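**Student:** mind folding the following:
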Amino acid sequence: YAQLLHKCLKEAPQHTLSLRELYDWVSQHSQKAKDPNNRGWQNSVRHNLSMNAAFQRVTDRTSASKKGSLWRL
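**Tutor:** Below is the predicted model:
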């Protein structure tokens, strides 16, 4: 998943996307996400974002909720 996420963020404007946008991209570009037997793929995405130093979580200043954050390279 780390390679998929890196590719996704590399293609994104300013190399930054929300978690929902990352989920959408992975679901469109990965067979793992399309496999009905693989229900934990979103957890794997979150785990890879959190544990890999290549990804940085930043506050989304445009979000109305305080929980808003973005991920970037």
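**Student:** quick one: low-confidence ranges for the protein?
**Tutor:** 63-66 (pLDDT under 70).
**Student:** gap between the residue most central in space within it and Lys34?
**Tutor:** The centroid of the chain falls nearest to Leu22 when counting by CA atoms, centre = their mean (3.5 Å). Here the criterion is CB to CB, to the nearest Å. By it, Leu22 lies 16 Å from Lys34. Heads up, the C-betas are built off the backbone N, CA and C, glycines and all.
**Student:** again, but for Leu73
**Tutor:** 25 Å.
**Student:** buried stuff in the helix or strand hosting the residue nearest to the centre of the chain?
**Tutor:** If you go by DSSP states H and E, Leu22 is part of helix 19-29. Neighbour-count burial for helix 19-29 flags Leu19, Leu22, Tyr23, Trp25, Val26 (criterion: 16 or more other CB atoms under 10 Å).
**Student:** export those as JSON lines, with columns for distance to Met51.
**Tutor:** JSON lines is the format used below for those (distance: CB to CB, whole Å):
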{"residue": "Leu19", "distance to Met51": "15"}
{"residue": "Leu22", "distance to Met51": "15"}
{"residue": "Tyr23", "distance to Met51": "17"}
{"residue": "Trp25", "distance to Met51": "19"}
{"residue": "Val26", "distance to Met51": "16"}
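**Student:** mind listing the helices for the protein?
**Tutor:** Taking DSSP state H, the helices of the chain run over residues 2-11, 19-29, 31-34, 41-51.
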